[in-house]
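Undergrad: Have a look at this prediction, sequence included:
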Amino acid sequence: MHNDIVIEVIDKIKSGKPILVMQAILTGIEAKITDEAFIEEIKNNKDNEICLLNIPIGYVATAALDVLGKETYMGSNEYILKMIRDFKNGTIKTE
């Protein structure tokens, strides 16, 4: 994995700007980034209720942690469960 991609996604997720935070999480999923600093920033966004295209950033963050193998989602939110399945099956493209 290229170090510059990791630095870029960490900078974006730390920006606090919703569109950049969402983009960073999606890029991290696609690139399978498991850098400790990046994962910590995803965890910080699990309760983020800001919605982009009617999707809470926190839902995407929760799904990302499961997909990246850092936290198994044990909840029952069907939307999060579907995102996890779709990301793992490659049916959601993040590009």
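TA: Yep, that arrived. Numbers count the residues shown, from 1 in each chain.
Undergrad: Which strand or helix spans the residue nearest the centre of the chain?
TA: Nearest residue to the geometric centre of the chain (CA atoms, centre = their mean): residue 25, 3.4 Å. For residue 25, the enclosing helix or strand under DSSP states H and E is helix 18-31.
Undergrad: So which elements touch the next helix or strand after that helix?
TA: Counting by DSSP H and E, the element after helix 18-31 in chain order, helix or strand, is helix 36-44. Here helix 36-44 touches helix 3-14, helix 18-31, helix 57-67, going by 3 or more CB pairs under 8 Å, 6 or more residues apart in numbering; DSSP states H and E. Using the backbone N, CA and C atoms, a C-beta is placed for each residue, glycine as well.
Undergrad: residues making contact with the last one?
TA: Read that as helix 57-67. 18, 21-22, 25-26, 28-29, 39, 42-43, 45-51, 71-73, 75, 77, 79-80, 83-84, 87-88 (CB atoms under 8 Å, 6 or more residues apart in numbering).
Undergrad: could you flag which of those are buried?
TA: By neighbour count, with 16 or more other CB atoms under 10 Å, the contacts of helix 57-67 hold 21-22, 25-26, 28-29, 39, 42, 45, 48, 80, 83-84, 87 as buried.
Undergrad: pLDDT check: weakest of these?
TA: Within the set of the buried ones among the contacts of helix 57-67, pLDDT is lowest for residue 87 (92).
Undergrad: That one: what's it in contact with?
TA: So, once contact is read as CB under 8 Å, 6+ apart, residue 87 ends up touching 29, 63-64, 67.
Undergrad: ok, so of the residues you listed, who is nearest residue 6?
TA: residue 29 (13.5 Å; CB to CB).
Undergrad: Surely the closest one and residue 83 touch.
TA: No. With contact defined as CB atoms under 8 Å, residue 29 does not reach residue 83; the gap is 9.6 Å.
Undergrad: just how off-centre is the helix holding residue 25 within its chain?
TA: What separates the centre of helix 18-31 from the centre of its chain is 6 Å, taken as CA atoms, centre = their mean, to the nearest Å.
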